[in-house]
Every structure is written in C-alpha cells, then in structure tokens.
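**Q** need a structure here:
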Amino acid sequence: MKKIVKEVKPYLKLPYNIIIRHTVDESGSYYFATVLELDGCMSDGTTYQEAFENIQEAMAGWIETRLANNFPVPSPVGDKTYSGKFVVRLPKTLHARLAIEADKEGVSLNQYALYKLSV
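**A** Below you'll find the model as predicted:
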C-alpha cells in the first residue's frame, strides 16, 4: 500500500483545474469543489479554504483508487493554445433569428452569440 501512496504525490503536484463555487441550496450555504479532469472527484466545505483543503484530500483518494485498480489517471488539461475561433454550422432559420436578435440589440452576430453562449 505504501507504494501506491508514494505514486499519488506526483499527481497532486500537477496543475489540475479545481473549480470551487459558492452554493446556496436546501442544504444551506457552502462551497462546492470539483476537479475538471477527475470525473466524480468532489468535495465541499463551509469556507473556500476548507473546500480547497477537502478537494485536495478527495483528489488523493480518487487518484489512489484509480492506481490501485490499474486505471489510468487523466492528465491536467493544461494551458493549451486556443485561437478563440470556432466554426458552427446551423440551420438557416436559426442563423436568421440570431442575426435579427443581434440587430435588435445593436451588436454584431458574433457578440450576440458570445453573450448567448456565456449565459
């Protein structure tokens, strides 16, 4: 078992994308943490710092379990270079509707699409 624990440490030093969000729901007010690359790895805490510490512990357990069962551990997404451009094909009717809505708002179709995607 010691060997697996030692193998976990290098993974914890990698730049995984930890997402921590303040949440208010039927359970109360808390911070919920997930790891983008580690599907199902999650934790929470009453403070941001507690959620961060708890997700570190959850990551160690998640990675340890994967290694113990001979499953691969995903690599961090990292800082890939993105151009900020992608092409989307859509029906003519949707294109027309979006163009009309963008015109009503007084913005370009690109600006309007960016707004709709970010909401």
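
**Q** What residues sit buried inside whichever strand or helix holds Ile63?
**A** Ile63 belongs to helix 48-68 when assigned by DSSP states H and E. Residues of helix 48-68 classed as buried: 51, 54-55, 58-60, 62-64, 66-67 (neighbour count, 16 or more other Cβ atoms under 10 Å). Heads up, the C-betas are built off the backbone N, CA and C, glycines and all.

**Q** Quick check: next helix or strand after it?
**A** Following helix 48-68 in sequence, per DSSP H and E, is helix 92-105.

**Q** The helix or strand just after that next one - what's its average pLDDT?
**A** Using DSSP H and E, the helix or strand that follows helix 92-105 towards the C-terminus is helix 109-118. The average pLDDT within helix 109-118 is 89.

**Q** Which residue, neighbours along the chain excluded, lies closest to the most centrally placed residue in the chain?
**A** Nearest to the mean C-alpha position of the chain, counting by Cα atoms, centre = their mean, stands Leu36 at 3.8 Å. Nearest non-adjacent residue to Leu36, counting by Cβ to Cβ, 6 or more residues apart in numbering: Asn17, 3.9 Å away.

**Q** hang on, the earlier thing: touching, the residue nearest to the centre of the chain and Pro74? I think so.
**A** No: using Cβ atoms under 8 Å, Leu36 makes no contact with Pro74, being 9.3 Å away.

**Q** Got the domain ranges for the chain?
**A** 2-68, 81-119 (automatic domain parsing).

**Q** Show me which positions of the shortest one end up buried.
**A** For domain 81-119, the buried set under the neighbour-count rule, 16+ other Cβ under 10 Å, comprises 102, 112-113.

**Q** Out of those residues, which is nearest to Tyr31?
**A** Ala113 (31.8 Å; Cβ to Cβ).

**Q** Just give the nearest non-adjacent residue to that closest one, would you?
**A** Leu98 is the one closest to Ala113 (Cβ to Cβ, 6+ apart), at 6.5 Å.
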